[in-house]
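Visitor: Quick one, structure for this:
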Amino acid sequence: MDLDKVRKTLRSQEAEMTSLRHDIHMHPETSYEEFRTSQLVQDKLTEWGIPFEAGLGVTGVVASIRGNRPGNRAIGFRGDMDALNMTEGNTFAHASKISGKMHGCGHDGHTVMLLYAARYLAENPDFGGTVHCIFQPAEEGGAGAQAMIDDGLFERFPCDAVYSLHNKPGIPVGKFVTRVGPQLAAVDHWVIGLHGTGGHGGSPEKGTDPTVPLAHTILGIHAITSRNVSAQDSAVLSIGMIEAGSANNVIPSDIRIHGTSRIHDPAVQDEIEKRLKEVAEGAAAMSGCTASIDYQRGYPALVNTLAERDKAVAAASALVGTENVDPDNPPINAADDFAFMLLKRPGCNVMMGNGDDPKWTSNHRPDYDFNDEALCHGAAYWISLTDQELNSPEAGSDRGEAA
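Guide: A predicted model of the protein is given here:
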């Protein structure tokens, strides 16, 4: 595949890519409400003659592009479409027009990059096999990936491997990072309840006081990672909210501690859930109280497979040079529901630079914006990855379905 031609073609389309990205940014839609964005994607695919199916996971769209060379492999590229429930702080012309919603994570850019990669591949199908472009809703807490899977994503669009691409502020445009194994964390949420009788603040001896086990539980929670998790593993426990009390002279009868866990290893995940229960129950028992815990597992850890990591690195390296690709970047404690797809198929998530200037702030901040200079790099990466996956010697046969 001629990557010089790829670059030249995408550069000629850069202005319209930017305009489309700005349009999506101005009209953010949150989980399972991406009807305008989904329709925009469908309209472009129709304009370019690319076959697609809509309605998976409510608003999801899958476009399928068949190469003109022999080959039976099929791969999936995931691009998320949803915005966040947050108020934008930017004042530029393409700032959000929807109160309380903004594209604070760059999914507007992700959508456009995948869309224009699909256009190029459809116009230049110089590969063997099939590319399924998966435009996914509800990544931001709505588990849209799982919803698409539940709607038969991999049965209707069989994939031998799946890939995702996410922007990363703090590194220069044109650089790519990834790793093999756990890259993003599992995210769990939990509520610990401490229950006593409560009573008068002037006579605590007449009842049981859950504020005492509250103190012990908080200390115990923060000791779990240092005393029950190996220093070789990664885990974070954070308390975000405590609910208790009605007046300064009334001992509460019930206290609720809300927290989150970020973990990369399922075995560590099991241990943390067990230890939270033991810490809370032990602290409560010392004061004659009782404890309960509601532990909810959210997105699983995102785990990249070796062969697919290697292909992703090769694709990025062919595009920008090996010196601009980090194949062993440290894991981070953010999460992404692409992890659900990786439980079903081998694959790899890659992060690409959104700019290292301080103005390109971190995701999920009111002053964040996707860097339009990255659009061509991202679209070109998808095309280069198609070449690595579907023009390699093994592209003529598939590996079957992964468990």
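Visitor: Just give me how far stretch 39-46 sits from the chain centre.
Guide: Once both centres are worked out by C-alpha atoms, centre = their mean, to the nearest Å, stretch 39-46 turns out to sit 24 Å from its chain's centre.
Visitor: Between the two ends of stretch 65-74, how far is it?
Guide: This stretch, stretch 65-74, spans 10 Å end to end (C-alpha to C-alpha, to the nearest Å).
Visitor: and Asn167, what does it touch?
Guide: Asn167 makes contact with 106, 109-110, 351-354, 363, 370-371, 374, 378, according to C-beta atoms under 8 Å, 6 or more residues apart in numbering. Bear in mind the C-beta positions are built from the backbone N, C-alpha and C, glycine included.
Visitor: Recalculate using a threshold of 6 Å.
Guide: Asn167 is in contact with 106, 352, 354, counting by C-beta atoms under 6 Å, 6 or more residues apart in numbering.
Visitor: Please look at the second one and Gly174 and confirm they touch.
Guide: To tie it back to what came earlier, the one meant is Met352. No. Between Met352 and Gly174 there is no contact under C-beta atoms under 6 Å: 8.1 Å.
Visitor: For the two, indicate the residue with more neighbours.
Guide: Ranked by neighbour count (other C-beta atoms under 10 Å), Met352 and Gly174 place Met352 first, with 26 against 17.
Visitor: hmm, back to that, tell me which of the contacts of Asn167 fall in strands.
Guide: Met352 (DSSP state E).
Visitor: My read is that His189 contacts Thr260, right?
Guide: Yes. Judged on C-beta under 6 Å, His189 makes contact with Thr260 at a distance of 5.4 Å.
Visitor: Packing partners of the lengthiest helix in the chain?
Guide: Longest helix of the chain, by residue count under DSSP state H: helix 266-286. Helices and strands touching helix 266-286, by 3 or more C-beta pairs under 6 Å, 6 or more residues apart in numbering; DSSP states H and E, are strand 186-195, helix 211-227, strand 290-297.
Visitor: Dump the contacts of Asn167 into CSV; add distance to Asn249 as well.
Guide: Formatted as CSV, the contacts of Asn167 follow (distance: C-beta to C-beta, whole Å):
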residue, distance to Asn249
Gly106, 50
Met352, 57
Asn354, 52
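Visitor: Just put the contacts of Asn167 in TSV and tack on pLDDT and distance to Asp336.
Guide: Compiled in TSV, the contacts of Asn167 are given as follows (pLDDT from 0 to 100; distance: C-beta to C-beta, whole Å):
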residue	pLDDT	distance to Asp336
Gly106	98	12
Met352	98	14
Asn354	98	15
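Visitor: Return the closest of the contacts of Asn167 with respect to Gln136.
Guide: Proximity of those to Gln136 (C-beta to C-beta) peaks at Gly106, which lies at 14.0 Å.
Visitor: Quick one: residues contacting the closest one.
Guide: 167, 370.
Visitor: and if we set it to 8 Å?
Guide: By C-beta under 8 Å, 6+ apart, the neighbours of Gly106 are 166-167, 354, 363, 368, 370.
Visitor: again, but for His195
Guide: Contacts for His195 were tallied using C-beta under 8 Å, 6+ apart; they are 210, 253-254, 284, 289-292.
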